[in-house]
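J.: Sharing a sequence plus its predicted fold:
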Amino acid sequence: MGNRKRNLHLHVMVTAEELEQIHARMAEAGISNTGAYVRKMALNGYILHVDLAPVKELVSLQRRCSNNLNQVAVHAHTYGVYPEEIAGLQKDYEKLWGEVSKVLRELTKLVAK
């Protein structure tokens, strides 16, 4: 243990119910290493677990919109622009900004807590 960064052992006794609660909170935080969880909680007092699923959806929508915009730009340079292509892009961007608004509202709620 001499070469380890953390070379001191800490032993804590808990009841079965307490251990169950610890494991439940670890699962909520997405942490599977008990030592890391206990160390983080002991040093900082809290762990933030952020669900990034809405952000991943935004990234996906943004990629699709960017791809569509690029296709329209290539098409416009080659053949001109069709009104239905512009309408499709407007719908995509409207959906994207709707999702951005949702994420921003949720972040605002988190910050307000």
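T.: On my side now, so go ahead.

J.: A76: neighbouring residues, count only.
T.: 13 (other Cβ atoms under 10 Å). (Glycine included, C-beta is placed from N, CA and C.)

J.: Quick check, pLDDT for it.
T.: Turning to A76, the model gives it a pLDDT of 79.

J.: E57 reaches L96, doesn't it?
T.: No - here E57 does not reach L96: they are 9.8 Å apart, not a contact under Cβ atoms under 8 Å.

J.: These two: who's more crowded?
T.: Between E57 and L96, L96 has the larger neighbour count (other Cβ under 10 Å), namely 18 against 14.

J.: Next, D51: secondary structure please.
T.: The local conformation at D51, judged by DSSP: H, G, I helix; E, B strand; the rest coil, is coil.

J.: Got phi/psi on it?
T.: Per-residue torsions, D51: phi -80, psi 110 (degrees, to the nearest 10).

J.: Now do it against A42, distance only.
T.: 25 Å (Cβ to Cβ, to the nearest Å).

J.: Tell me the spacing between the residue of the chain positioned farthest from its centre and A73.
T.: Centroid-distance maximum for the chain: Y79 at 40.3 Å, with Cα atoms, centre = their mean. Distance, Y79 to A73, using Cβ to Cβ: 12 Å.

J.: Next: V50.
T.: In terms of Cβ to Cβ, V50 sits 35 Å off from A73.

J.: try T108
T.: Here the criterion is Cβ to Cβ. By it, T108 lies 34 Å from A73.

J.: So which other helices or strands are in contact with the longest helix anywhere in the chain?
T.: Ranked by residue count and defined by DSSP state H, the top helix of the chain is helix 83-112. The contact analysis (3 or more Cβ pairs under 8 Å, 6 or more residues apart in numbering; DSSP states H and E) places helix 83-112 against helix 53-78.
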